Every structure is written in structure tokens, then in C-alpha cells.
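1. I need the structure of the sequence given here:
(one chain, ligands or ions: 2)
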Amino acid sequence: MKNKKNHESIWANCLKVIKDNVSLQSFKTWFEPIKPIRFKSDVLTLQVPSHFFYEWLEEHYIDLLKKVIKKEIGPDAKLEYSIVLDRNTSSKKAPYTVNLPTSNKKSLSNSPVTMPLNVSENQIKNPFIIPGLKKVNVESNLNPTYTFDNFVEGDCNRLARSAAFAVANKPGGTAFNPLLLYGGVGLGKTHLAHAIGIGVKNNFPNKIVLYVNAEVFTRQFIDSIKNHTTNDFINFYKLMDVLIIDDVQFFAGKEKTQDAFFHIFNHLHQTGKQIVLTSDKAPVDMKGVEQRLLSRFKWGLSADLQAPGLETRIAILKKKIYGNGIEISEEVLEYLAYGINTNVREMEGALTSIIAQATLNKKAITLELAKKMIDKYVKVSAREVSMDYIHKIVCDYFNLPIELLKSKTRKREVVQARQIAMFFAKKMTKWSLASIGAQCGGKDHATVLHACRTVNNLSETDKQFRGYLEDLEKKLNVN
Ligand code: ADP
Ligand code: MG
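-> Ligands and ions are numbered 1, 2, ... in the order given. Have a look, this model is predicted:
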């Protein structure tokens with residue numbers, strides 16, 4: 001019976017059990033890339049893509065692996081890893097393969113230890129890391145204000161932030177290598193990239209960290225070609241313990257630069273150094289970037305940054321003014337956060353100019369001032385009042401919780417507030433009747449139409465009601 005088993009069938013059976021015991025995400029990340037390559041005298045050899053991969057499995061899944069493999073093979077089962085250290089696209093075989101019996105630590109058997117790594121004669125020698133050279137003083141180019149402490153965590157950035165934090169605490173020693181942070185403009189990629197660098201510097205002062213923008217990297221590379229110093233350029237980058245390259249989408253279409261980067265990337269990755277990249281696009285959308293690079297980006301983790309929600313935006317603004325000795329009312333902050341909802345940089349820009357304006361003119365920071373400044377920051381097309389803002393102003397005015405407005409309740413005072421909110425939404429936004437209804441208690445377009453008529457009628461016949469509308473209109477008006 002036993003003889004019939006081969007590595008593939010054994011591993012396939014193991015995978016079935018593993019799949020039921022880990023999350024789908026983990027399964028895809030950690031188990032799908034494993035290749036069974038051999039089964040001989042109770043030893044199952046699994047090929048894993050990198051050293052980190054092996055470490056991660058050992059750290060997180062060894063118990064599970066042990067169980068399933070013993071169950072499949074029997075009590076004498078042993079597990080061996082074969083680590084591919086170079087997955088270059090060239091047809092050469094991987095330069096060396098390391099067999100690591102797990103028996104030294106959390107072992108499957110009690111057989112003697114055969115560590116350390118058996119490295120074949122093909123091991124890449126590195127002529128550049130000369131003792132002493134390591135002490136080279138590299139200016140890291142880090143912006144000291146972009147720390148983790150100054151970065152507000154929200155649902156929009158949780159994965160990216162925690163991966164970045166993990167990397168800062170264990171550069172090169174997590175599965176997140178490379179760590180690719182991607183997302184739209186002004187959402188905090190550069191901030192997080194610096195935070196990693198600063199974190200590493202704090203935790204490991206001797207590590208050589210370099211932050212560089214892809215554009216600068218490209219320029220340096222082109223200069224090095226002109227000056228015939230390309231080797232120096234590449235060797236310099238190979239010295240890094242942590243290399244952070246911002247905005248790698250800039251490499252698109254620049255084949256020579258990509259070549260140089262590819263070379264550096266492989267070297268750093270193979271020697272366990274950390275690579276951090278940012279991009280304004282997900283890897284799948286990066287046109288003009290070579291496939292072999294893109295596939296390397298996938299070795300680690302790609303984490304995206306989304307636009308922050310309202311609460312996170314308010315928290316970011318508060319963080320920015322905290323400690324500056326400036327007082328800005330909650331009302332103004334909320335106005336800013338409501339008004340600019342896609343891009344943190346724009347929101348910050350508006351905040352800075354409000355502060356500057358107020359300081360210059362020795363004026364208090366009022367809502368009026370905020371409104372004026374925001375106009376300058378938000379593009380005309382996007383300058384319509386947001387639905388959230390209308391809901392908030394109307395609810396504040398009538399002293400109702402926003403949830404009620406959005407609920408299906410038919411309490412009289414809520415119905416009226418809801419109708420007014422719909423009326424203003426129709427008047428001041430480009431939303432369709434159907435979406436206005438959907439966002440306001442899940443009503444249909446006919447209800448919104450009816451609301452608009454009712455509000456119009458009442459404003460003609462009811463003086464008090466007209467007063468409400470005028471107050472609200474003033475509050476809502478951005479112009
Ligand atoms: P990106 O590189 O994604 O275009 P940046 O990192 O330059 O964006 O961020 C733009 C500005 O917004 C920076 O000043 C940054 O500090 C700030 N910012 C973005 N997200 C956050 C956040 N979650 N917490 C604090 N500040 C943030
Ligand atoms: Mg940036």
C-alpha cells in the first residue's frame with residue numbers, strides 16, 4: 001500500500017486537510033505555492049519559493065504540517081524543505097537548493113540534526129559586501145514627521161499599516177518581502193514608506209536604510225550610464241538592508257532601469273534584505289512594467305490603501321493640528337472632512353492654508369474662512385455639497401441622530417427632516433432621485449419626488465417652515 005504513494009498524491013491529500021484548517025487567504029498564500037518534489041524513505045520533500053516562506057511555515061504552520069504529514073505517511077514521517085533561492089527567468093537551474101530537515105527544532109522525528117544549510121558550490125559569492133564597507137554612512141532620506149505615530153489607522157489602511165509595522169520590526173524577516181503598498185494619490189503611501197524606514201532606524205540603528213523615489217533612482221541610473229559608473233550604482237544599492245522605492249509606476253516603459261532594478265531586487269531578496277515599494281496602481285494594472293518584475297512583486301505582500309472614511313478623515317485632521325497650539329473648532333474640522341473626501345493631501349492642504357490665512361490676518365478660524373479656502377482646494381466639478389454633509393447639517397439642525405434619518409422610521413419629525421434632506425440633495429447634488437432615496441432611508445425615486453413637492457408647497461404656505469429652509473440653505477451653501 002505504502003509503496004503506491006508518491007509525493008504528489010501524498011501532498012494532494014495533505015492539502016485537502018490543510019485547506020479545512022486554514023483560511024482561504026492563508027491557503028492561497030502559503031500552501032498553493034508549495035511543490036512536492038520527492039518522497040523517499042518516509043521523507044517528503046517540499047519545495048518552497050524562498051527562505052522566508054520556509055521560516056513562515058515553520059513559525060506558523062509546523063504543527064499542522066506535522067499532523068497531516070504523519071497522518072498521511074506514518075509516525076516516522078520526515079519533512080524536508082527545498083528552498084528555491086533564485087527564480088530567475090533564465091533557463092539555468094536554481095543556483096542552490098537547501099535541504100533543511102525540520103528535525104532540529106519542531107521536528108517530525110528525532111533523527112540527528114543535519115544543519116547548517118548544505119550550500120552547493122554554485123553559491124553566489126558576493127564581491128561587494130566587504131567588511132567595513134557596511135559602516136558606510138548612507139543618508140536615508142527619511143522625513144522625520146512621517147512616523148507610525150503620526151499615521152492614523154482606519155479600515156481604509158489597516159492591512160497596509162500593520163504589514164508596514166511588521167516589516168519595521170523585522171525587516172527582511174517577515175513574509176512581506178517585498179512589501180508593495182499601492183493606492184490612489186494622497187492616501188498615505190509615501191507616509192507609510194517613510195514610517196517603515198524610521199521604524200527600522202529606531203529598532204536597528206546599524207541597518208542601512210534608503211528611501212528613494214523611483215524617479216530619482218531612474219535619474220541616478222541614467223547618469224551612471226553617462227559616467228560609466230553603472231557598476232558603482234548597482235553596488236551601492238546592493239549595500240542596503242532596507243531599500244524603499246517610492247512610486248515604482250514610474251519605471252513603466254523604462255526597460256534599462258527595470259533591468260538594473262531587477263538585478264538589485266534579486267540580490268537584496270536573496271540575501272534576506274527588505275524591499276519596500278509603493279505604486280499608484282495595483283500590480284495587475286502596471287502597464288509597461290516587465291512581467292518578471294511584476295511576478296517578483298507578488299512574492300511578498302501587496303496591500304492597498306483606500307480613501308479614508310469620514311471618521312478617519314476627522315482623526316487625521318485632529319492629529320495634524322495636535323500639538324501645534326492651534327485651536328480649530330469641531331465645526332470647521334468637520335466641514336473640512338466632509339468637504340474633501342478623496343484625498344488626504346488635499347484635505348491637509350486646505351487645513352494648512354486655513355491656518356496660514358488665519359495667522360496672517362490675525363483672524364479666528366471661522367466656518368466662513370474654511371468655506372472660502374475649501375473652494376480653492378476642491379475642483380469646481382467636485383465642489384457640490386456631499387450627501388453626507390446634507391444629512392449631517394439637517395440632522396444637527398433638527399437635533400436628530402443621523403441613523404434615524406437613514407432608517408425607515410415614519411415618525412413625523414423624522415419624515416419631515418428626511419424630506420428636507422431629499423429636497424436639498426436634489427437641489428444641490430447631482431445624485432439621481434433613485435440614489436437620493438436609497439441613501440435616505442431606502443426610499444424609491446417616487447418618494448423623493450413627492451418629498452421635493454411637499455417641501456416646495458410647505459415653503460410657500462408655512463412661514464416657520466420657510467425659515468428652516470433658509471437657515472439650512474445658508475449652512476449648506478458653499479459659495
Ligand atoms: P501618497 O504617497 O499615497 O500620494 P502621502 O503619503 O504623500 O500620499 O500622503 C499625503 C499626505 O496625507 C501626507 O502629508 C500624509 O501625512 C497624509 N496622510 C495620508 N494618510 C494619512 C493617515 N492615515 N494618517 C495621517 N496622515 C495621513
Ligand atoms: Mg507618494
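2. Can you tell me the closest non-neighbouring residue to G186?
-> Of all residues beyond its chain neighbours, the one nearest G186 is R345 (3.3 Å), with distances taken as CB to CB, 6 or more residues apart in numbering. C-beta here means a position set from N, CA and C on the backbone, and glycine is covered the same way.
3. secondary structure element for the one you found?
-> Using DSSP states H and E, R345 sits within helix 344-360.
4. how about that helix: buried residues?
-> Neighbour-count burial for helix 344-360, counted by 16 or more other CB atoms under 10 Å, picks out 344-351, 353-355, 358.
5. can you tell me if it touches ligand 1.
-> Yes. Counting by CB under 6 Å from any ligand atom, ligand 1 is contacted by helix 344-360 at 344-345, 348.
6. same check, this time on stretch 161-181
-> No. For stretch 161-181, no contact with ligand 1 is found by CB under 6 Å from any ligand atom; the gap never falls below 7.7 Å.
7. returning to that earlier point: from memory the residue nearest to G186 sits against K189, does it?
-> No. Using CB atoms under 8 Å, R345 makes no contact with K189, being 10.8 Å away.
8. and T278, what does it touch?
-> T278 sits next to 180-182, 189-190, 192-193, 245-248 when contact means CB atoms under 8 Å, 6 or more residues apart in numbering.
9. Helix, strand or coil: sort out it for me.
-> Under the three-state scheme (DSSP: H, G, I helix; E, B strand; the rest coil), T278 adopts strand.
10. Could you find the closest non-adjacent residue to it?
-> K189 (4.1 Å).
11. Also K443?
-> Here the residue nearest K443, using CB to CB, 6+ apart, is G437, at 3.7 Å.
12. Please tell me how far the one you found sits from T454.
-> G437 sits 14 Å away from T454, going by CB to CB, to the nearest Å.
13. Mind checking which of these two has more residues around it?
-> G437 (22 against 16; other CB atoms under 10 Å).
14. How many neighbouring residues does I264 have?
-> For I264, using other CB under 10 Å, the count is 22.
15. show me what contacts the residue in the stretch 151-300 of the chain positioned nearest to ligand 2?
-> Ligand 2 sits closest to T190 of the stretch 151-300 of the chain, with a gap of 3.2 Å, by CB to the ion. Shown in contact with T190 (CB under 8 Å, 6+ apart): 146, 246, 278.
16. Which residue ranges of this structure form strands?
-> 35-40, 43-48, 78-84, 97-101, 179-183, 209-213, 242-246, 274-279, 301-305 (DSSP state E).
17. which secondary structure elements does the second one contact?
-> Here strand 43-48 touches helix 7-21, strand 35-40, strand 78-84, going by 3 or more CB pairs under 8 Å, 6 or more residues apart in numbering; DSSP states H and E.
18. Buried deepest among these, which one?
-> strand 78-84 (a mean of 20; mean count of other CB atoms under 10 Å).
19. now it against strand 43-48, angle please.
-> With axes from the mean of the first three to the mean of the last three CA atoms, to 10 degrees applied, the angle from strand 78-84 to strand 43-48 works out at 30 degrees.
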